[in-house]
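S.K.: no sequence on this one, just coordinates:
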């Protein structure tokens, strides 16, 4: 496993070395603020990631470096787990490092390891769960079943999707086998642990009318081409030239006698893919399955490369090419001025959402100096409000308000604020008499979500408590 550890270490260093090249992502700013309002749940997510982000930010305020350390560690650990899956099913040292290398240089691994996102921990949790299920099936390990339940429960407090994966895997165990784990008291213990750990967030959602379901419907298919782009985008999640490795992971359990017990893995991939397509889910929702598929696919890949030196060279070229292209797409390597119109933005627009926030807050501060003190800062989305709260304190800015997702829980502004500095492309109808104070320009010509947003001084049409229900939205 020395080679595996070295690969994971190189991945970790690459992620940390580039962690401060641009700036915070809008979601990170939101997480930090959400975590500073500790709760069992939020309208659009469980509490674990916000609490972790807020805690890390408190150690080094204003810098994304420490905030992103857990994500980088999670990505590196996922690389190790992929290799452990290969070892669990009898993979040689060659197969293990192939699994690790393919996972480490996958585009999705670098993208979600670079900054804080709930998907980062979903990929880690799901890979850990599938490794433990593999261990339980291959070794008939009861403790692995219990640990798998704990992973699902804890993982659901970062992103509930791992619970869906677990439910599909359990159903496939019942339908296609092996059924032995289902008759184990360890399995019952694992299910109980998962339910107990996930229950607080589920109860919070139920008490608040299941707002995450509303959010999920709002964001369904709004990226990666919707249903039409869902399947083509799967070819990009790892790397186009490494597609044969994970496809081998889909096929091997049906072709290799020693892997028949793992048919549930490719079947789970198929069931989840159909479910996401039917529900118009985002294409990256399947990302959490790929490290396990690469772990299984590493075995036939290792056998294939063992036969001829030319094949080993071909794999090496594919890995290097994948690392270079994935790094360019997922990491902040291009100059900010080169992003506009680039293929990087076409494939990974999240890069653009890490550019310009410091300049944005300075523009807000300039506008704020022109308004009376009985004015609240109201933004159109959680990224803008998060930027004001996280980066604006050193510029003398007060807290920001927004009706968007979690921020809707932390308002309205105090009754003494009869005016608003509205940050939006168009002020909502709840405001009147608006006067333009500033228009944001990120200075690098990048057409991201905040470029050109207007900052206007407006009066409120009614007291804030009356306006607030109309300003709240889940999206």
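M.R.: Yes, it's here. In this text, all values refer to a predicted model and were calculated from it rather than measured experimentally. Numbers count the residues shown, from 1 in each chain.

S.K.: drop to CA atoms for contacts and neighbour counts, all remaining ones
M.R.: OK.

S.K.: nearest residue to the residue nearest the centre of the chain other than its sequence neighbours?
M.R.: The chain has residue 119 as the residue nearest its centroid, 2.5 Å off, counting by CA atoms, centre = their mean. Of all residues beyond its chain neighbours, the one nearest residue 119 is residue 112 (6.6 Å), with distances taken as CA to CA, 6 or more residues apart in numbering.

S.K.: mind listing the strands for this structure?
M.R.: Counting by DSSP state E, the chain has strands at residues 375-379, 400-402, 419-424, 431-439, 454-460.

S.K.: could those go into TSV alongside mean neighbour count?
M.R.: Output for the strands of the chain, formatted as TSV (neighbours: other CA atoms under 10 Å):
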stretch	mean neighbour count
strand 375-379	24
strand 400-402	26
strand 419-424	25
strand 431-439	16
strand 454-460	23
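
S.K.: which one of those lies nearest to residue 89?
M.R.: Checking those against residue 89 by CA to CA gives strand 400-402 as the closest, at 50.4 Å.

S.K.: so how many other residues sit close to the nearest residue to residue 359 once chain neighbours are set aside?
M.R.: With CA to CA, 6+ apart as the measure, residue 442 is the residue that lies nearest to residue 359, at 6.4 Å, once sequence neighbours are left out. One way to gauge burial is a neighbour count; for residue 442, by other CA atoms under 10 Å, it gives 19.

S.K.: spit out the contact partners of the residue nearest to residue 119.
M.R.: Listed by CA atoms under 8 Å, 6 or more residues apart in numbering, the contact set of residue 112 reads 71, 75, 119, 120.

S.K.: which of those fall within helices?
M.R.: Among those, the members found in helices (DSSP state H) are 71, 75, 119, 120.

S.K.: for residue 457, which non-adjacent residue is closest in space?
M.R.: Per CA to CA, 6+ apart, closest to residue 457 is residue 421, 4.7 Å.

S.K.: what pLDDT does the one you found get?
M.R.: As predicted, residue 421 sits at a pLDDT of 96.

S.K.: rewinding a little: the residue nearest to the centre of the chain is in contact with residue 161, isn't it?
M.R.: No: using CA atoms under 8 Å, residue 119 and residue 161 do not qualify as a contacting pair, with a distance of 9.2 Å.

S.K.: for the residue nearest to the centre of the chain, what are its contacts?
M.R.: In this structure, residue 119 makes contact with 112, 159, 288, judged by CA under 8 Å, 6+ apart.

S.K.: what's the distance between it and residue 125?
M.R.: Computed with CA to CA, to the nearest Å, the distance linking residue 119 and residue 125 is 10 Å.

S.K.: before we move on, what about residue 397?
M.R.: Per CA to CA, residue 397 is found 38 Å from residue 125.

S.K.: between those two, who's got more neighbours?
M.R.: Using other CA under 10 Å, the more surrounded residue of residue 397 and residue 125 is residue 125, with 27 against 19.

S.K.: tell me the pLDDT of the closest residue to the more buried one other than its chain neighbours.
M.R.: Leaving aside its chain neighbours, residue 125 sits nearest to residue 155 (5.5 Å; criterion: CA to CA, 6+ apart). Residue 155 is assigned a pLDDT of 96 by the prediction.

S.K.: isn't residue 155 up against residue 162?
M.R.: Yes: counting by CA under 8 Å, residue 162 is a contact partner of residue 155 at 6.4 Å.

S.K.: give me the nearest residue to residue 449, chain neighbours excluded.
M.R.: Closest residue in space to residue 449, ignoring its immediate chain neighbours: residue 353 at 7.1 Å, by CA to CA, 6+ apart.

S.K.: contacting residues around residue 201?
M.R.: 40, 41, 46, 47, 157.

S.K.: break this protein into its domains for me.
M.R.: Following automatic domain parsing, one gets these domains for the chain: 2-336, 356-471.

S.K.: which stretches of the stretch 101-250 of the chain have low pLDDT?
M.R.: For the stretch 101-250 of the chain, applying pLDDT under 70 flags the ranges 220-226.

S.K.: how near is residue 65 to residue 56?
M.R.: 9 Å.

S.K.: please apply the same query to residue 402.
M.R.: Taken as CA to CA, the span from residue 402 to residue 56 is 24 Å.

S.K.: residue 81 now?
M.R.: Counting by CA to CA, the separation of residue 81 from residue 56 is 25 Å.

S.K.: so those two - more neighbours on which side?
M.R.: The residue with the greater number of neighbours, taking residue 81 and residue 56 and applying other CA under 10 Å, is residue 81; the counts read 27 against 20.

S.K.: who touches that one in this structure?
M.R.: Counting by CA under 8 Å, 6+ apart, residue 81 makes contact with 127, 128, 131, 291.

S.K.: got the contact list for the closest residue to the first one other than its chain neighbours?
M.R.: Think residue 127. The shortest distance from residue 127 to any residue that is not its chain neighbour, by CA to CA, 6+ apart, is 6.0 Å, and that residue is residue 292. Neighbour list for residue 292: 82, 85, 127, 130, 131 [criterion: CA under 8 Å, 6+ apart].

S.K.: try it again with 7 Å
M.R.: 82, 85, 127, 130 (CA atoms under 7 Å, 6 or more residues apart in numbering).
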